[in-house]
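K.L.:
Below is the sequence, then the predicted model.
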Amino acid sequence: QQQVKQSPQSLIVQKGGISIINCAYENTAFDYFPWYQQFPGKGPALLIAIRPDVSEKKEGRFTISFNKSAKQFSLHIMDSQPGDSATYFCAARGGTSYDKVIFGPGTSLSVIP
Amino acid sequence: EAQVTQNPRYLITVTGKKLTVTCSQNMNHEYMSWYRQDPGLGLRQIYYSMNVEVTDKGDVPEGYKVSRKEKRNFPLILESPSPNQTSLYFCASSLLGQPYEQYFGPGTRLTVT
């Protein structure tokens, strides 16, 4: 129940298209849901985050949608660009400890011209 | 520049030869953490620390040690490395109570033969 599930494992999107990555969790004690972006050869970097009392958060071309009743959340990347090609991790804070973050397995996104 | 640094970036070693990976941050963060990243498994926490002399096990602590003698440094020690510890390792830091907003180092690629 400390797991965060993520799909798809990999995703190929044409430039200008919408990239959608989905995550799900079981533990209702999770209280903060960040997304991290990782470029090859780099460490992950915080991209955007949401609390469960908010259904949607938008920052530029990136939007998190949150469905508390379904225990699911997703990342939408609008007008996807080749520069968005990276690995994306969803994550959740809380559960057995509010000092920890549980990461999903990651989605490798490739945006092709 | 605010950053987390790790050394070395790449390391090839043999089974049983003790090694230390250093981590340092210049943001005066109380919280520091070590993760390992493996394909399909995402980021798994090894150990974390909420302050000097305060450390706790993460999800995969077996075979690792840490110490926190100074606020800025959090070295990872493998006393007797084994091939199953071949992985990509990341150090991260954040303000206390905000592990969802961690700053990651560039990673250390470790190969144990």
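P.N.:
Here it is on my side, so go on. Since we're looking at a predicted model, the values are computed, not measured.

K.L.:
Find the centremost residue of chain B, please.
P.N.:
residue B:34 (2.9 Å; CA atoms, centre = their mean).

K.L.:
Confirm that residue sits in a strand?
P.N.:
Yes - according to DSSP: H, G, I helix; E, B strand; the rest coil, residue B:34 belongs to a strand.

K.L.:
As a check, name the ranges of all strands in chain B.
P.N.:
In order along the chain, chain B carries the following strands (DSSP state E): B:4-7, B:10-13, B:19-25, B:31-38, B:42-51, B:54-57, B:65-66, B:76-78, B:87-94, B:103-104, B:108-112.

K.L.:
Columns distance to chain A and mean pLDDT on top of the ones you listed, output as TSV?
P.N.:
Glycine gets a C-beta too; all of them are placed from N, C-alpha and C. Formatted as TSV, the strands of chain B follow (distance: least, CB to the nearest CB, whole Å; pLDDT from 0 to 100):
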stretch	distance to chain A	mean pLDDT
strand B:4-7	7	98
strand B:10-13	11	97
strand B:19-25	11	98
strand B:31-38	7	97
strand B:42-51	4	94
strand B:54-57	8	94
strand B:65-66	15	98
strand B:76-78	15	98
strand B:87-94	5	97
strand B:103-104	3	97
strand B:108-112	10	98
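
K.L.:
For residue A:59, which of these is the nearest?
P.N.:
Closest to residue A:59 of the strands of chain B is strand B:103-104 (CB to CB; 18.0 Å).

K.L.:
Name the residue of chain A that lies nearest to chain B.
P.N.:
Closest approach of chain A to chain B (CB to the nearest CB) occurs at residue A:43, with a separation of 3.2 Å.

K.L.:
is it true that that residue touches residue B:107?
P.N.:
Yes - look at residue A:43 against residue B:107 with CB atoms under 8 Å: they come within range, at 5.5 Å.

K.L.:
anything in contact with each of these two?
P.N.:
By CB atoms under 8 Å, 6 or more residues apart in numbering or on different chains, residue A:43 and residue B:107 have these common neighbours: residue B:90.

K.L.:
ok, back up a step: from residue B:79, how far off is the residue nearest to the centre of chain B?
P.N.:
To residue B:79, residue B:34 is 15 Å away according to CB to CB, to the nearest Å.

K.L.:
For chain A, what lies in contact range of chain B?
P.N.:
By the rule CB under 8 Å from any CB of the partner chain, the part of chain A lying against chain B is A:2, A:6, A:9, A:32-34, A:41-46, A:49, A:89, A:91, A:93, A:98-101, A:103-106.

K.L.:
List only buried entries from the residues you listed.
P.N.:
Neighbour-count burial (16 or more other CB atoms under 10 Å in any protein chain shown) applied to the residues of chain A next to chain B gives A:2, A:6, A:32-34, A:43-44, A:46, A:49, A:89, A:91, A:93, A:99-101, A:103-106.
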